[in-house]
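Engineer: how would this look folded up:
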Amino acid sequence: MKKTFIALGFCVLLLCMPIGISDTSDCGCSAPEDTLSRSLSDTPWISDADITALQQQAIDEEWTFTVGKNPTTDRPLSELCGLVEPDNWWADVSFDPCVPTTTLPDHFDWRELGGCTSVKNQGGCGSCWAFGTMAPLECNILIKDHKEVDLSEQWLVSCNRNGWGCNGGWWAHDYFQWKMDRSNGTGAVLEKEFPYKASDLPCDGPYKHPYLIDSWHFIGFSQGIAPTDSIKQAIMDYGPVSVACAVTQAFGAYTGGVFNEDDPQAPINHAVALVGWDDNQGENGVWFLRNSWGPGWGEDGYMCIEYRVCKVGYSACYVNYPVKTKVDISSGLFCVTVGLRNVGNTVTNAIRCNISVNGGVLGVINSSLIDTIDSLEPGAVVYERIPCLGFGPLSVMVSVEPENAGKTAKHAEGFLCGLLFIVTRNQ
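Structural biologist: The predicted model follows:
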């Protein structure tokens, strides 16, 4: 079921921030400042005294991150965290183990590949569940369609049939696939159709629904925190993923560094996205987490957080968004052998192929898989650093290299330009 390819990057989960909305322009929202900043609490969730205490705790416990005032610390927790876990949610859902079939890279970040949309700001509404649901789809559209779109979280908040809203909700990917909203429509809605107001507004549809998914699945084998390698594989295969976590005061006051404060008693309460990882940071590695509290929180809206800290990775799930730009390699690929080629210190076989492809994503259809690629066998090619070009044909050098032996690409999937991957031609 898996496709495996070499890529560099991953996308972090996005959460929204209070104050303004990460610059209205960032998330395409047109809501006025006072609407998004509604109901600032007279008693802030994290007071100045709390921050002073946290800073002392950071010294005492040798935290590897910093804390301080930021746009979220003056808001009540209910306006920042709104993921509400349904009873026995795992009883009738689909789990995908996402077991890696090859060695995973030490570092992967979708931001480095241009696969992440702008960080958003949920404002004074406990709608993290909507932003955490929408983030992976937006990133997938950017990755696979090479097009940045701004989708409407307000539509999820106002038009779902589950009774979810600013007081909380759960993963809502079903509304991208089969479930009908209050206006009997299915599929994501554009931000311009229903701009975000950080409020429980009425659903005034019907709306246009241009973006649907083929499927979505929870990652791993059962309820709980998904295996780290399974989440990594899902990020590489399906783009940024939705995950839950347990937000603490230190999390809310985070201003930078590697987050390593863990409270095992803290409840699951927040939805975010993971866009990548780095095994060389922290004690055992970190996730790149994308929040929905605007770019003024953390590191431009992101956090580096150690694996499994704050239960990050709980109820992890991915969306399978279909590739729209495809090329049938059975008729659109012409290759000729050009002899041996030097690759570093290794001499390998190489062939040159001419391909007609529209846009930055090359889709592979009508292909079959092979078990190993350790020589230039008929039907097997490795596309090497396919550039991002516009319309028209492109010529690329492809080679079969020993280190790529055994790696295959899944039938009917698309790949981001600039990556290294393997396809097979029809025999």
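Engineer: Show me what secondary structure element comes after the helix ranked longest in the chain.
Structural biologist: In terms of residue count, the longest helix belonging to the chain (DSSP state H) is helix 128-145. Next helix or strand after helix 128-145 toward the C-terminus (DSSP states H and E): helix 153-159.
Engineer: so what does that following helix touch, helix or strand wise?
Structural biologist: helix 128-145 (3 or more CB pairs under 8 Å, 6 or more residues apart in numbering; DSSP states H and E). Just so you know, the C-beta spots here come from the backbone N, C-alpha and C atoms, and that holds for glycine as well.
Engineer: Using PDB, write out every CA atom in the helix it packs on.
Structural biologist: Extracted in PDB, the C-alpha atoms of helix 128-145 (Å, rounded to 0.1, in the frame of the first residue of the first chain):
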ATOM      1  CA  CYS A 128      -7.900  24.300  16.700                       C
ATOM      2  CA  TRP A 129      -9.600  21.100  15.600                       C
ATOM      3  CA  ALA A 130     -10.700  22.900  12.400                       C
ATOM      4  CA  PHE A 131      -7.300  24.300  11.700                       C
ATOM      5  CA  GLY A 132      -5.600  21.000  12.500                       C
ATOM      6  CA  THR A 133      -8.000  19.300  10.200                       C
ATOM      7  CA  MET A 134      -7.500  21.800   7.300                       C
ATOM      8  CA  ALA A 135      -3.700  22.200   7.500                       C
ATOM      9  CA  PRO A 136      -2.800  18.800   5.900                       C
ATOM     10  CA  LEU A 137      -5.200  19.300   3.000                       C
ATOM     11  CA  GLU A 138      -3.900  22.800   2.200                       C
ATOM     12  CA  CYS A 139      -0.400  21.500   2.200                       C
ATOM     13  CA  ASN A 140      -1.300  18.500   0.100                       C
ATOM     14  CA  ILE A 141      -2.800  20.800  -2.500                       C
ATOM     15  CA  LEU A 142       0.300  22.900  -2.600                       C
ATOM     16  CA  ILE A 143       2.600  19.800  -2.800                       C
ATOM     17  CA  LYS A 144       0.600  17.900  -5.400                       C
ATOM     18  CA  ASP A 145      -1.200  20.600  -7.400                       C
END
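Engineer: So residue 171 is in contact with residue 130, correct?
Structural biologist: No - checked against CB atoms under 8 Å, the pair residue 171 and residue 130 is beyond contact range at 9.8 Å.
Engineer: Looking at these two, which is more packed in?
Structural biologist: residue 130 (31 against 20; other CB atoms under 10 Å).
Engineer: wait, doesn't the more buried one sit right on residue 153?
Structural biologist: Yes - with contacts defined as CB under 8 Å, residue 130 counts as touching residue 153 at a distance of 4.2 Å.
Engineer: Show me the common contact partners of these two, please.
Structural biologist: By CB atoms under 8 Å, 6 or more residues apart in numbering, residue 130 and residue 153 have these common neighbours: residue 122.
Engineer: Look at the closest residue in space to residue 247 that isn't next to it in sequence and say how many residues are nearby.
Structural biologist: Distance criterion CB to CB, 6 or more residues apart in numbering; nearest residue to residue 247, sequence neighbours excluded, is residue 270 at 4.5 Å. Residues lying near residue 270 (other CB under 10 Å) number 31.
Engineer: what's the answer for residue 87, then?
Structural biologist: Neighbour number of residue 87 under other CB under 10 Å is 5.
Engineer: Ok, residue 104 next?
Structural biologist: For residue 104, using other CB under 10 Å, the count is 17.
Engineer: can you check the one 3 residues further on too?
Structural biologist: The local packing count at residue 107 equals 17, with neighbours defined by other CB under 10 Å.
Engineer: ok, now residue 152?
Structural biologist: Quick note: residue 152 (other CB under 10 Å) scores 23 neighbours.
Engineer: give me every residue that touches it.
Structural biologist: 188, 189, 190, 191, 193, 194, 195, 196, 207.
Engineer: which of those count as buried?
Structural biologist: 188, 189, 190, 191, 193, 194, 195, 196, 207 (16 or more other CB atoms under 10 Å).
Engineer: The third one and residue 149 touch, don't they?
Structural biologist: Meaning residue 190. Yes - with contact defined as CB under 8 Å, residue 190 reaches residue 149; the gap is 6.7 Å.
Engineer: Contacts only, for residue 321.
Structural biologist: Neighbour list for residue 321: 137, 140, 141, 144, 211, 213, 214, 238, 239 [criterion: CB under 8 Å, 6+ apart].
Engineer: hmm, which two among those residues are most spread apart?
Structural biologist: Maximum pairwise distance among the contacts of residue 321 (CB to CB): 15.2 Å, between 211 and 238.
Engineer: Comparing the two, which residue is more hemmed in?
Structural biologist: Ranked by neighbour count (other CB under 10 Å), residue 211 and residue 238 place residue 238 first, with 26 against 19.
Engineer: How confident was the prediction at that one?
Structural biologist: pLDDT for residue 238: 92.
Engineer: Am I right that residue 50 sits in a helix?
Structural biologist: Yes - under DSSP: H, G, I helix; E, B strand; the rest coil, residue 50 sits within a helix.
Engineer: Now it. Nearest residue, chain neighbours left out?
Structural biologist: residue 249 is the one closest to residue 50 (CB to CB, 6+ apart), at 6.0 Å.
Engineer: okay, now the one you found: neighbour count?
Structural biologist: So residue 249, with other CB under 10 Å, has 21 neighbours.
Engineer: Hmm, it is touching residue 46, no?
Structural biologist: Yes - Residue 249 lies in contact with residue 46 (CB under 8 Å); the separation is 5.3 Å.
Engineer: okay, and the common contacts of the two?
Structural biologist: With CB under 8 Å, 6+ apart, residue 249 and residue 46 have common neighbours residue 54.
Engineer: low-confidence ranges in the protein?
Structural biologist: For the chain, the stretches with pLDDT under 70 are 1-43, 323-427.
Engineer: What residue spans form the domains of it?
Structural biologist: 19-320, 327-424 (automatic domain parsing).
Engineer: if I pick residue 230, what's in contact with it?
Structural biologist: By CB under 8 Å, 6+ apart, residue 230 lies in contact with 97, 98, 99, 100, 219, 220, 316.
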